[in-house]
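Asker: Requesting a structural model of the entry that follows:
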Amino acid sequence: MPRDLDFSEYFAARVQRFRRVAFALCGDWYAAEDLVQAMFVQLYRRWRRVRPGTVDAYARRILLNLFLAGRRVSGREYVTSSVPEGQSPPGRDTPLRLDVERALARLTPRQRAMVVLRFLEDLPVSEVASLLGVAEGTVKSQTARGVEALRAALPSPTGEEW
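Answerer: Now for the predicted structure:
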């Protein structure tokens, strides 16, 4: 049972963080929940083989692969006459937050992943390049283009041009 206890502790400590990243990647709380759930299922299956110091990187890789593949979580869905009770998404829907979500949605999935990993997860260029299997120069140029697109789509905080 130490395996399950270790995994449970990891899950409790990291689930909110991965939900936030998944939402930033896909822009939908329900899809983010599905991504995170699928990520933790895959991680649990491989839990014994993952080295302790690399768990976050491994989990992030799984999450990113699931997002980029556009893979739907397998399983049965049931049609019901009523909507199930669910938790509402965290945070408030402020106008700026909604603007950022819409602006992120305009980026390509890879560009969005690069921007999220670089700025939300604060990963270095080399790690993002490794996660996505691209050159560091690609990460730099695509991140710069993504940030430019975000700046063009978002209102300036001062009312002036960025």
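Asker: Just the helices from this structure, written as ranges.
Answerer: For the chain, the helices defined by DSSP state H occupy 2-26, 29-45, 55-69, 95-105, 109-115, 125-132, 136-153.
Asker: ok, residues contacting the third one?
Answerer: Helix 55-69 is contacted from outside by 10, 14, 18, 21-22, 25-26, 35-36, 38-40, 42-43, 46, 50, 109-110, 113, 117, 121, 127, 131-132, using C-beta atoms under 8 Å, 6 or more residues apart in numbering. Any C-beta I mention is one placed from the backbone N, CA and C, and that applies to glycine too.
Asker: Buried subset of those, written for PyMOL?
Answerer: Per 16 or more other C-beta atoms under 10 Å, the buried members of the contacts of helix 55-69 correspond to this PyMOL selection:
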select buried, resi 10+14+18+21+22+25+26+35+36+38+39+40+42+43+110+113+117+121+127+131+132
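Asker: Which elements pack onto the worst-scoring helix or strand of the chain on mean pLDDT?
Answerer: Within the chain, no helix or strand scores below helix 95-105, which has a mean of 77 by mean pLDDT, DSSP states H and E. If you count contacts as 3 or more C-beta pairs under 8 Å, 6 or more residues apart in numbering; DSSP states H and E, helix 95-105 packs onto helix 109-115, helix 136-153.
Asker: Run a quick neighbour tally on the nearest residue to residue 44 once chain neighbours are set aside.
Answerer: Nearest residue to residue 44 in three dimensions, chain neighbours excluded: residue 7, at 5.8 Å (C-beta to C-beta, 6 or more residues apart in numbering). Residue 7 has 17 neighbouring residues, counting by other C-beta atoms under 10 Å.
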